[in-house]
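**Student:** return a 3D structure for these sequence lines:
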Amino acid sequence: MANYRRGRINDEMQKELAMVLREVKDPRVKDAFISVTAVDVTPDLKFAKVYYSAMMGDKKEVAAGLKSSAGYIRRQIAQRLNLRMTPELTFIEDHSIAHGAHISKLLNSIEISEEDPEDENGENGETNV
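**Tutor:** Below you'll find the model as predicted:
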């Protein structure tokens, strides 16, 4: 199977998972404000890794809620997408958003000091050519 087809399936699964997660009635999932950051489907379409980020709630409880509702989510994906096989979902927490926020915080904390104009030409005021 071509890579561009897998890429399209990954994108469509990500969109549909985002919509299905809004409909899950499990309070561990419903109240956690989960966003799907990426989906990686194997070439044979039997398995899919779903990378997610949760803004609220206990991380272990959210993972348990997603694992317990995986069957419902898979059934909804099967109804919405016209695939020969619906992949088995594995949920993996994605730390990239938190990592990006940490890097942004570090970059914002850097203070840039302006150099004196006299120091640009060297120590004795001579120009270096």
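**Student:** need phi/psi at the residue nearest to Met55 when sequence neighbours are not counted.
**Tutor:** Nearest residue to Met55 in three dimensions, chain neighbours excluded: Phe33, at 4.2 Å (C-beta to C-beta, 6 or more residues apart in numbering). Where you see a C-beta, it was placed from the backbone N, CA and C, and this is true even at glycine. Main-chain torsions, Phe33, degrees, to the nearest 10: phi 50, psi 70.
**Student:** distance of Phe33 relative to Met85?
**Tutor:** As judged by C-beta to C-beta, to the nearest Å, Phe33 and Met85 stand 31 Å apart.
**Student:** okay, those two: which has more neighbours?
**Tutor:** Under the criterion of other C-beta atoms under 10 Å, the comparison of Phe33 against Met85 puts Phe33 first, with 13 against 9.
**Student:** show me the longest helix that occurs in the chain.
**Tutor:** Identified as the longest helix of the chain according to DSSP state H is helix 3-23.
**Student:** what's the next helix-or-strand element following that one packed up against?
**Tutor:** Sequence-wise, the next helix or strand downstream of helix 3-23 (DSSP states H and E) is helix 27-30. The contact analysis (3 or more C-beta pairs under 8 Å, 6 or more residues apart in numbering; DSSP states H and E) places helix 27-30 against helix 59-68.
**Student:** now do the helix it packs on and helix 3-23, the angle between them.
**Tutor:** Inter-element angle recorded for helix 59-68 and helix 3-23: 110 degrees (by axes from the mean of the first three to the mean of the last three C-alpha atoms, to 10 degrees).
**Student:** which strands and helices sit next to helix 59-68?
**Tutor:** Using 3+ C-beta pairs under 8 Å, 6+ apart, helix 59-68 sits against helix 27-30, strand 88-93.
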